[in-house]
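Enquirer: what's the 3D shape of this:
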Amino acid sequence: MKTHFSAFIIIGMLALFVGCRSKTIDGDEARFCKSYIEYFYSAAALEGYQITVPIYATNNRVFLKLRGYAVPKLEYAELIEKYGDTAYNQRRIKPPLGAFSDEFTSIEVKSNRSFDAAHPAGTSLSDIVIFRVRTLYNFIQNGYNLDDYRIMIVEKELDKFTPDDLKLLEVECGAIYPDNPMISFDFSVPPPAGRHTLTVTFKTTDKTFTKNIDVNF
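Expert: Here you go, the predicted model:
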C-alpha cells in the first residue's frame with residue numbers, strides 16, 4: 001500500500017508539468033491533456049509472480065511487472081512527438097496514464113522442465129505461450145478512437161508478436177487494475193503438473209531483463 005501511495009505522489013507531480021492543465025469540474029480535479037500519455041518510464045527491472053485471478057479460466061497464468069523510472073521533461077516531449085501523441089486534447093479525471101519508452105525487440109519464455117517432446121527443458125515456449133499486454137500504441141495510431149479500447153489489448157501466441165505490439169507498454173498502476181495486471185501469459189497446452197522455474201527475458205536494442213519465476217501448475 002505504501003508503494004502504491006508513493007507512486008501516486010510521484011505520478012501526480014509528473015502530470016503537473018508534462019502535458020496537462022488542472023481544473024475542478026463538479027468537485028473532481030480534471031486535467032486538460034494535449035497528449036494521451038502523461039508520463040514515460042524507462043524500464044529498469046522485471047518482476048514475476050503467480051496468483052489466482054477470478055477473471056481467468058485457469059490458475060496457470062503468470063503475471064509480470066516492469067519497474068522503471070520517470071524520464072526527464074525534455075525526453076518526454078521528444079517521445080510524444082515521436083509517437084504522434086499530440087492531438088488527444090480531452091479532459092481526464094482518472095489517474096494519469098503512463099507508458100514505457102523502451103521498444104522491446106523480443107520476449108522469451110523457457111522452463112526448467114520439459115513440456116512435451118517438442119519443448120524439452122530449457123527451450124523456447126514461444127509457440128505455446130499465450131502472451132497478453134496492454135499497449136497505448138495502437139490506440140494513439142488509430143486516432144484515439146474512443147469506441148474501440150480493445151485495441152489496447154494484444155493477446156496471442158508469443159512467437160506471433162511484432163515489435164509494434166511491444167511499443168508503449170502501459171505502466172501498471174495496481175490501485176487501478178489490482179486484478180488485471182498489464183502483462184501476463186498462459187499456455188495453449190496444459191503445463192505438466194508440478195513445480196517449474198520459468199525464465200522470462202525481455203530485450204531491447206540495448207537492455208536485457210531476465211527473471212526466474214517459481215510456479216506450481
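
Enquirer: Direction included, what does the longest strand along the chain pair up with?
Expert: If each strand of the chain is counted by residues according to DSSP state E, the longest one is strand 39-49. Here strand 39-49 has these sheet partners by DSSP bridges: strand 62-70 (antiparallel), strand 98-100 (parallel).

Enquirer: deepest of these, which one?
Expert: Of these, the one with the most neighbours on average (mean count of other C-beta atoms under 10 Å) is strand 98-100, at a mean of 24. Bear in mind the C-beta positions are built from the backbone N, C-alpha and C, glycine included.

Enquirer: I'd guess residue 80 is in a strand, am I close?
Expert: No: Residue 80 is assigned helix when assessed by DSSP: H, G, I helix; E, B strand; the rest coil, not a strand.

Enquirer: Count the residues that sit near it.
Expert: Around residue 80 sit 21 other residues, with neighbours defined as other C-beta atoms under 10 Å.

Enquirer: what do you get for the one 4 residues further on?
Expert: Residue 84 has 12 neighbours, counted by other C-beta under 10 Å.

Enquirer: how near is it to residue 211?
Expert: Distance of residue 84 to residue 211, given as C-beta to C-beta, to the nearest Å: 32 Å.

Enquirer: Only alpha carbons, please: show stretch 41-49 as PDB.
Expert: Output of stretch 41-49 as PDB, limited to C-alpha atoms (Å, rounded to 0.1, in the frame of the first residue of the first chain):
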ATOM      1  CA  TYR A  41       9.100   5.400 -17.700                       C
ATOM      2  CA  SER A  42      12.300   3.800 -18.700                       C
ATOM      3  CA  ALA A  43      12.400   0.100 -17.800                       C
ATOM      4  CA  ALA A  44      14.900  -0.900 -15.100                       C
ATOM      5  CA  ALA A  45      13.700  -4.300 -13.800                       C
ATOM      6  CA  LEU A  46      11.300  -7.200 -14.400                       C
ATOM      7  CA  GLU A  47       9.200  -9.000 -11.700                       C
ATOM      8  CA  GLY A  48       7.000 -12.000 -12.000                       C
ATOM      9  CA  TYR A  49       4.500 -13.900  -9.900                       C
END
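
Enquirer: So for it, what gets flagged as buried?
Expert: Within stretch 41-49, the residues scored as buried using 16 or more other C-beta atoms under 10 Å are 41-43, 46, 48.

Enquirer: For that stretch, give me every contacting residue.
Expert: 62-71, 98-102, 171, 198, 200, 202, 204, 207, 209-211, 213 (C-beta atoms under 8 Å, 6 or more residues apart in numbering).

Enquirer: what distance separates that stretch from the centre of its chain?
Expert: 10 Å (C-alpha atoms, centre = their mean, to the nearest Å).

Enquirer: Equivalent analysis for stretch 112-123, please.
Expert: For stretch 112-123, the distance to the chain centre is 27 Å (C-alpha atoms, centre = their mean).

Enquirer: Just the CA atoms of it, as PDB, please.
Expert: Extracted in PDB, the C-alpha atoms of stretch 112-123 (Å, rounded to 0.1, in the frame of the first residue of the first chain):
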ATOM      1  CA  ASN A 112      13.500 -25.900 -16.400                       C
ATOM      2  CA  ARG A 113      11.100 -28.800 -17.100                       C
ATOM      3  CA  SER A 114      10.000 -30.400 -20.400                       C
ATOM      4  CA  PHE A 115       6.500 -29.600 -21.500                       C
ATOM      5  CA  ASP A 116       6.400 -32.200 -24.300                       C
ATOM      6  CA  ALA A 117       8.700 -33.800 -26.900                       C
ATOM      7  CA  ALA A 118       8.700 -30.600 -28.900                       C
ATOM      8  CA  HIS A 119       9.500 -28.500 -25.900                       C
ATOM      9  CA  PRO A 120      12.300 -30.100 -23.800                       C
ATOM     10  CA  ALA A 121      13.600 -28.300 -20.700                       C
ATOM     11  CA  GLY A 122      15.400 -25.100 -21.400                       C
ATOM     12  CA  THR A 123      14.000 -24.500 -24.900                       C
END
